[in-house]
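Chemist: Okay, structure incoming, though there's no sequence with it:
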């Protein structure tokens, strides 16, 4: 009787010992060597996998830096701090990062627009836009359901009075919000270019005013007054070339509908 009990126990114990030996040998002979520099660089990246560097994610970018000699200044969210630390780890010269900020090209808040219908569907911008372009009277305007805000890992976007607003003091320029806007209102700009047109309507001035009192009317006053030639009006909408703009503010002062604005630092 005792033998009937001990035999299975011995078999199980033997199998356990054999499995342990196999695992030990496997860990020794099948182990993958770790590149310490790669691990160090990866640890310095923010880990949000935004793709601003042009790679699939932080892992791919770290590998490109260490194995392929890619530039260390492509991580926009990490900024100069991350670039400097990576340069120190690799023992190479520091490469400056061109910081960016997201901007929402719409100023059609609750005071400037109205709803053309009552939307009672899924409360997302994407879903609302599929239903006759959304409930806003302006077909170009922000739908304010916050798809962009939900995508922002830094909580830099707020919905204020029916329109999305980016806090440039928090925004790191990762760009995750850009693809979430079905109206294509969000774009990234260098932090040095602080003047933008908060409108996307290409309707005539009269039609734009009928739907949004804050919309660009294409009057070209901004274009005529800009000393740097940075402002142009095309398809009834003003554009500011950030590379030419000197942030003198003359276009902001002359705009009759106050649609040209500076980047909002809320902090």
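Modeler: Structure received. Worth saying up front: this structure is predicted, and the values here are computed from it rather than measured.
Chemist: just for the stretch 101-250 of the chain, where's the confidence low?
Modeler: The stretch 101-250 of the chain contains residues with pLDDT under 70 at 193.
Chemist: can you rerun that using 80?
Modeler: 192-194 (pLDDT under 80).
Chemist: Quick one: residues contacting the residue positioned nearest the centre of the chain.
Modeler: Among the residues of the chain, the one closest to the centroid is residue 175, at 1.8 Å (Cα atoms, centre = their mean). By Cβ atoms under 8 Å, 6 or more residues apart in numbering, the contact set of residue 175 is 50, 51, 52, 76, 100, 102, 188. Glycine gets a C-beta too; all of them are placed from N, C-alpha and C.
Chemist: Isn't the third one up against residue 76?
Modeler: Put plainly, it is residue 52. Yes. Proximity of residue 52 to residue 76 meets the contact threshold set by Cβ atoms under 8 Å, at 4.3 Å.
Chemist: what touches both of the two?
Modeler: Common contact partners of residue 52 and residue 76 (Cβ under 8 Å, 6+ apart): 100, 173, 174, 175.
Chemist: Adding secondary structure, write the residues you listed out as TSV.
Modeler: Output for the shared contacts of residue 52 and residue 76, formatted as TSV (DSSP: H, G, I helix; E, B strand; the rest coil):
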residue	secondary structure
100	strand
173	coil
174	coil
175	coil
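Chemist: Return the residues in contact with residue 221.
Modeler: Contact partners of residue 221, counting by Cβ under 8 Å, 6+ apart, are 254, 255, 256.
Chemist: Next, find the distance separating the first one from residue 235.
Modeler: Taking Cβ to Cβ, to the nearest Å as the measure, residue 254 falls 20 Å from residue 235.
Chemist: Where do the helices of the chain begin and end?
Modeler: Remark: helices assigned in the chain by DSSP state H are 2-29, 36-44, 58-68, 79-90, 125-129, 147-151, 205-211, 221-225, 250-254.
Chemist: Now flag whichever of the contacts of residue 221 is closest to residue 87.
Modeler: Proximity of these to residue 87, judged by Cβ to Cβ, is greatest for residue 255, which lies at 42.6 Å.
Chemist: Check the spacing between the closest one and residue 74 real quick.
Modeler: Residue 255 sits 35 Å away from residue 74, going by Cβ to Cβ.
Chemist: ditto for residue 247
Modeler: For residue 247 relative to residue 74 (Cβ to Cβ), the value is 26 Å.
Chemist: what does residue 149 give?
Modeler: Summarising the geometry, the distance separating residue 149 from residue 74, computed by Cβ to Cβ, is 26 Å.
Chemist: Narrow the contacts of residue 221 to just the buried residues.
Modeler: By the neighbour-count criterion of 16 or more other Cβ atoms under 10 Å, the contacts of residue 221 include these buried positions: 254, 255.
Chemist: nearest to residue 90, of the contacts of residue 221?
Modeler: Sorting the contacts of residue 221 by how near they are to residue 90, with Cβ to Cβ, puts residue 255 at the top with 47.4 Å.
Chemist: Can you name the residues that contact the residue nearest to that closest one when sequence neighbours are not counted?
Modeler: Ranked by Cβ to Cβ, 6 or more residues apart in numbering and with sequence neighbours excluded, the top spatial neighbour of residue 255 is residue 222, at 5.7 Å. Contacts were defined as Cβ under 8 Å, 6+ apart; by that measure residue 222 touches 231, 233, 238, 251, 254, 255, 260.
Chemist: what's the farthest-apart pair in the residues you listed?
Modeler: 233 and 254 (12.8 Å).
Chemist: tell me how far stretch 178-187 is from the chain's mean position?
Modeler: The chain centroid and the centroid of stretch 178-187 are separated by 10 Å, computed with Cα atoms, centre = their mean, to the nearest Å.
Chemist: Repeat that for stretch 41-54.
Modeler: Relative to the centre of its chain, stretch 41-54 is centred 13 Å away, using Cα atoms, centre = their mean.
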